[in-house]
Structure formats: C-alpha cells, structure tokens
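[1] coords please:
(chains A and B)
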Amino acid sequence: DTAVSQTPKYLVTQMGNDKSIKCEQNLGHDTMYWYKQDSKKFLKIMFSYNNKELIINETVPNRFSPKSPDKAHLNLHINSLELGDSAVYFCASSQSAGWTSGYTFGSGTRLTVV
Amino acid sequence: DQQVKQNSPSLSVQEGRISILNCDYTNSMFDYFLWYKKYPAEGPTFLISISSIKDKNEDGRFTVFLNKSAKHLSLHIVPSQPGDSAVYFCAASGGNTGNQFYFGTGTSLTVIP
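    So this is what the prediction gives:
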C-alpha cells in the first residue's frame, strides 16, 4: 500500500503546454511538499503545505501553482512549460509535530519538455 | 546557494569493507540532520538521523557522525553489502528553516561483490 503516490510517473510534453502532477498520501500527515531534482541532481524545495495552507513558497516562477484540496493531496500545476522545467519532481509528506523523522517521498515524476 | 554539499558524486567499495559518505554544510544554525537512500526510479527513503546534541548515532550497520565545529557529517556503512548500492543524500534543517530540509546532491555508492 503506497504511502505517498504521485501520478504520472513519466510525462513528456511540448513547450507551451499546461500540465498537472498529482500527489496523494495515506499516512495522515499534516504537511506535504514538492521538491524538484534538476539535472545536477540538486533536490530543492519548491512548496510546502500544512493542513491545506501554503507555508513555504520558494522562488519559483509563477507558472508553477500548487493546489491542496485537502491535507492528503497536493497537486502541482505548471503553465506554459519551458525546456528548463525538465526535471524529476518529488512529492513528500511529514508529520508536523514529528518532522524529526524526516519525510516520506513519492517515487517521483520525470517531466521532459520537448 | 547550496547550504548542504556532498562533494563526492560517486564511491565504489568492495563488499565487506567500510563505506564512508561525507557531507558538509554551511549554515551553523542547522541542528538536525538526516541521511536518505535512493534506488533508481524510486523516491528517497529515510535511513538515519542525528541531532546536534549528539556526535554519533548508530543503527545496525549504519552510523552517522557529526562534527559541529567542522560543519561536517559522515555516514559509515559496515560491512558494506551489494544491496547498499544506491544514491545517498544528506539533508539538514534547523534555526530559521523551520520544517524545511536542505538536501545535498547525493553520492552514488556502488558496492562491488
């Protein structure tokens, strides 16, 4: 039973398109995140939501918009995709109070913009 | 600005020997550190942690050492096994970063049978 699941696993799309990546966690965690792993393997946080409320919004283009319909879901919508958006995007979750045990990650979505 | 660095992108070790993976950080406010292990096509999985009140934490074959004055931590795997072959990320948090962890770029460990 997958704890943090992301869909799709692979996404190939053309420049200029709009796409969404979905994430769901069944761990009862309060906090969810989106991380981007770029071509240099650097895993960098993009957004964090706690109980559907945005708490971390790093410097990412406005074309990226997270949406959290409930605390078990955090989706990422990307408008007007660019070549530089190609990366692996990881969703993660943690218990707010028990964050010292780290995050539970999804398996990643490999986005390729052509 | 990369606050957590893993300067060795790869490491090869013979089965049964010790693997030592290193991690350096720049933010002196960091007080909690994690190691994650990642297999291809999977997300990172939590391996071991250490807080700044300790300088060593051990869990089976895995030991993490923290040198606060040098802003350096290391993960020791003894004895190394072929199943340990993966990418290892260190991550750090603390001070005004709140719940946010900063990750290194990872070290790819290959354990040769």
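
[2] pretty sure A:Gly106 is touching A:Lys22, no?
    No: here A:Gly106 does not reach A:Lys22: they are 10.0 Å apart, not a contact under CB atoms under 8 Å. The C-beta positions use only the backbone N, C-alpha and C, and glycine is treated the same way.

[3] does B:Thr63 have beta-bridge partners, and which?
    B:Glu58, B:His76 (DSSP bridges).

[4] so what's the residue count around the spatially closest residue to B:Ile18 that is not a sequence neighbour?
    What sits nearest to B:Ile18 in space, not counting adjacent residues and going by CB to CB, 6 or more residues apart in numbering or on different chains, is B:Val78, at 4.7 Å. Neighbour count of B:Val78, defined by other CB atoms under 10 Å in any protein chain shown: 13.

[5] thinking again about what came up before, now do the shared contacts for A:Gly106 and A:Lys22.
    Common contacts of A:Gly106 and A:Lys22, defined by CB atoms under 8 Å, 6 or more residues apart in numbering or on different chains, comprise A:Gln6.

[6] neighbour count: those two, which is higher?
    A:Gly106 (29 against 17).

[7] check contacts around B:Pro9.
    Counting by CB under 8 Å, 6+ apart, B:Pro9 touches A:41, B:105-108.

[8] could you dump these into JSON lines and include pLDDT?
    Shown next, in JSON lines, are these (pLDDT from 0 to 100):
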{"residue": "A:Lys41", "pLDDT": "73"}
{"residue": "B:Thr105", "pLDDT": "86"}
{"residue": "B:Gly106", "pLDDT": "91"}
{"residue": "B:Thr107", "pLDDT": "94"}
{"residue": "B:Ser108", "pLDDT": "94"}
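
[9] re earlier: surely the residue nearest to B:Ile18 is in contact with B:Glu58?
    No: using CB under 8 Å, B:Val78 makes no contact with B:Glu58, being 10.2 Å away.

[10] on that earlier part again, for the residue nearest to B:Ile18, give me its contacts.
    Applying CB under 8 Å, 6+ apart to B:Val78 gives the contacts B:18-19, B:61, B:63.

[11] now list the buried members of these.
    Neighbour counting by 16 or more other CB atoms under 10 Å in any protein chain shown classes B:19, B:63 among those as buried.
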